[in-house]
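Enquirer: requesting a structural model of the entry that follows:
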Amino acid sequence: MLNAPTTELLNQLRHIVGPAGVLDQPQDIAPFLVDHRKLYRGRTPLVLRPDSTAQVSSILRLCHGARVGVVPVGGNTGYCGGATPSSGGHEIVVSLSRLKRIRHLDPDNYALTAEAGCVLAVAQQAAAAAERLFPLSLGSEGSCQLGGNLSTNAGGTAVLRYGMARDLVLGLEVVLSDGRVLDDLTGLRKNNTGYDLRDLFIGAEGTLGIITAATLKLYPLPRTRVTALVAVAEPASAVALLAYLRSSGSDALTTFELIPRIALELVCQHIAGMSDPFDAIHPWYVLLEASSAQVIDHLTEEISHTLARALADQLVRDALLAHNASQREFFWRLREAIPEAQVRAGGSIKHDVSVSISDLPAFIAEGAALCRRIAPEGVLVIYGHLGDGSLHFNINTPDGGEHPEFFAKKSALNHAVHDLTRTYRGSISAEHGIGQLKRDDLVQFKQPVALQVMHAIKQALDPQGIMNPGKVLAAEANHQTPSGRGVGADTPTASAPP
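Expert: The predicted structure follows:
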């Protein structure tokens, strides 16, 4: 069992970070007590804002000795309650927002070292200033922080070409639960000196230690981008188009997003300035983008030619190429505004799943049929990153009303979608992590041996159980109830994943 912090401990923690690093007034603490989707509300006596790795080390050393829980938080943009303290009020929240420096930029090595509190967009801008690309791209990139991105192994819209956050990391600096600092901020591409400790902490959601800095991979800055919005008859056509583009010899595809007709309609209805760019109505769409580091190349001609052949072969129904920056921006806005449009249309029950790309058409068809049987009044909004096999499989309310009878079916819908995902050997958390929301589901969907290994790692690195208690592993759970609806429940007003 963890302990409540004593007055003496709280004073010692205040002394470590100084007055500028302490938040203890209710109005200042309040933003740290609720998650982004407002599913979870907690309490804390203190929010600490260290401005150095040494301060983070001192905080954890004290909390480890006192057996007091610590909840790390970045930009608080997560979707699974992974950075929200429990309702018990005994955990210390540690915000990384002041650790925001770009420590080193090495253009020749295509590497950038930044602290965990650095906002993703700032890291992108720093790379671009050196004519390099940091390709992690998310809807929340203007507020999310690198530490949170790595702790949840964030995905985004460029996974098809560049991989998940894990694939973009060369080295880490991590403070362990007892305050020791693991300094592995290497910029090496090749390093086979024993276990790869870096990967233990990426995706661990702060349950094994606190990431304080990372050395990130950079890439050549794109000089040419080709963006197209393509209409297709069904998801199977989209999968075939992806293979078609790849087999054409191009390895330049960066983005391949699936959008259903209903999502486009919601965006046009609820987002100002948006309209259907096609003359005819189509059931499904694909937003694709290819890029090249060369200033003058044949990428536009290549993509145009491939889409023309796809049209001739009746693989696609229509295709629009963005001819300038404003058209490209408009196409991207159609995709990126889907979560906002969903929220404005009413509440939704959400799933963040992935299966193999070849299985996506069958999975969508079976999943849609299951959901219609359970909640025929629901509106299916199934969209996402087809290029890497992940989907936001959401069911909206029929309108903007409360609809308690619809949300009463949440558990049945979750089980149906997740059970189907398991039959396809897929994942119930493609890119948003486990946090509190899926903590208990993990026990059902992770293989027993894998869970045993995870618990062994947790015990080895955090024997006191102080690191982000109640997240990821059920055995550490405090069983906090979100908004009074039961563990892992959603709320009608929750915002949709991007």
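Enquirer: for this structure, which spans come out with low pLDDT?
Expert: Residues of the chain meeting the criterion pLDDT under 70: 249-250, 296, 475-498.
Enquirer: domain ranges for it, per the record?
Expert: In the domain annotation for the chain, the residue ranges read 102-220, 224-339 (automatic domain parsing).
Enquirer: and the shortest one, how far apart are its ends?
Expert: As for domain 224-339, its first-to-last residue distance stands at 28 Å under the measure C-alpha to C-alpha, to the nearest Å.
Enquirer: just to revisit the earlier point, and the domains of the chain: which comes nearest I428?
Expert: Closest of the domains of the chain to I428 is domain 102-220, at 14.3 Å (criterion: C-beta to C-beta). In this view, the C-beta of every residue, glycine as well, is placed from N, C-alpha and C.
Enquirer: straight-line length of the closest one, end to end?
Expert: 19 Å.
Enquirer: next one: stretch 188-197
Expert: 14 Å.
Enquirer: can you check stretch 343-358 too?
Expert: Termini of stretch 343-358 sit 30 Å apart (C-alpha to C-alpha).
Enquirer: then stretch 88-95?
Expert: 19 Å.
Enquirer: next one: it to chain centre, how far?
Expert: Distance of stretch 88-95 from the chain centroid (C-alpha atoms, centre = their mean, to the nearest Å) equals 23 Å.
Enquirer: in the stretch 301-450 of the chain, which spans are helices?
Expert: Under the criterion DSSP state H, counting those that start in this stretch, the stretch 301-450 of the chain carries helices at the ranges 325-336, 338-345, 360-374, 404-407, 410-423, 439-445, 448-461.
Enquirer: just the ones you listed: most buried one?
Expert: helix 338-345 (a mean of 22; mean count of other C-beta atoms under 10 Å).
Enquirer: tell me what the helix or strand that contains A123 is packed against?
Expert: Assigning secondary structure by DSSP states H and E places A123 in helix 120-129. Applying 3 or more C-beta pairs under 8 Å, 6 or more residues apart in numbering; DSSP states H and E, one finds that helix 120-129 contacts strand 102-106, strand 111-115, helix 146-151.
Enquirer: buried ones in it?
Expert: L120, A121, V122, A123, Q124, A126, A127 (16 or more other C-beta atoms under 10 Å).
Enquirer: for S86, which three-state class applies?
Expert: coil (DSSP: H, G, I helix; E, B strand; the rest coil).
Enquirer: how many other residues sit next to it?
Expert: By the criterion of other C-beta atoms under 10 Å, S86 has 23 neighbours.
Enquirer: right, and it touches G470 too?
Expert: Yes: using C-beta atoms under 8 Å, S86 is in contact with G470, at 5.5 Å.
Enquirer: hmm, back to that, adding distance to A456 and mean neighbour count, write the helices and strands packed on helix 120-129 out as JSON lines.
Expert: Converted to JSON lines, the helices and strands packed on helix 120-129 look like this (distance: least, C-beta to C-beta, whole Å; neighbours: other C-beta atoms under 10 Å):
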{"stretch": "strand 102-106", "distance to A456": "33", "mean neighbour count": "15"}
{"stretch": "strand 111-115", "distance to A456": "30", "mean neighbour count": "24"}
{"stretch": "helix 146-151", "distance to A456": "20", "mean neighbour count": "30"}
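Enquirer: to L188, which of the ones you listed lies closest?
Expert: Comparing the helices and strands packed on helix 120-129 by C-beta to C-beta, strand 111-115 comes nearest, at 9.3 Å.
Enquirer: chain center to the closest one, what's the gap?
Expert: 20 Å.
Enquirer: got it, and stretch 310-318?
Expert: Distance of stretch 310-318 from its chain centroid, counting by C-alpha atoms, centre = their mean, is 33 Å.
Enquirer: what's the answer for stretch 458-477, then?
Expert: That offset, for stretch 458-477, works out to 21 Å (C-alpha atoms, centre = their mean).
Enquirer: which residues touch that stretch?
Expert: With C-beta atoms under 8 Å, 6 or more residues apart in numbering as the test, stretch 458-477 has contacts from 2, 60, 63-64, 67-72, 81-83, 86, 91, 176-177, 200, 204-210, 433-436, 439-440, 442-443, 451, 454-455, 478-480, 487.
Enquirer: returning to that earlier point: reformat the domains of the chain as TSV; add distance to S354.
Expert: Shown next, in TSV, are the domains of the chain (distance: least, C-beta to C-beta, whole Å):
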stretch	distance to S354
domain 102-220	9
domain 224-339	13
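Enquirer: for P45, which of those domains is the nearest?
Expert: When those are compared (using C-beta to C-beta), the closest one is domain 102-220, at 19.0 Å.
Enquirer: got the angle between the helix or strand encompassing L264 and helix 338-345?
Expert: Assigned by DSSP H and E, L264 belongs to helix 261-270. Helix 261-270 runs at 70 degrees relative to helix 338-345, counting by axes from the mean of the first three to the mean of the last three C-alpha atoms, to 10 degrees.
Enquirer: in the sheet, which strands lie alongside the helix or strand just after helix 261-270, parallel or antiparallel?
Expert: Later in the chain than helix 261-270, the nearest helix or strand by DSSP H and E is strand 284-292. Strand 284-292 has these partner strands in its sheet, going by DSSP bridges: strand 224-232 (antiparallel), strand 253-260 (antiparallel).
Enquirer: which one of those lies closest to K217?
Expert: strand 253-260 (15.3 Å).
Enquirer: run through who's touching the closest one.
Expert: The contact list for strand 253-260 (C-beta under 8 Å, 6+ apart) reads 135, 157-158, 160-162, 235, 238, 242, 245-246, 283-291, 334-335, 338, 360, 380-387, 391.
Enquirer: hmm, 7 Å instead?
Expert: 157-158, 160-161, 235, 238, 242, 245-246, 284-291, 335, 381-387 (C-beta atoms under 7 Å, 6 or more residues apart in numbering).
Enquirer: now swap in stretch 63-73 and tell me
Expert: Contact with stretch 63-73 is made by 2-3, 5, 9, 32, 60, 83, 85, 90-96, 177-179, 206, 210, 464, 466-469, as judged by C-beta under 7 Å, 6+ apart.
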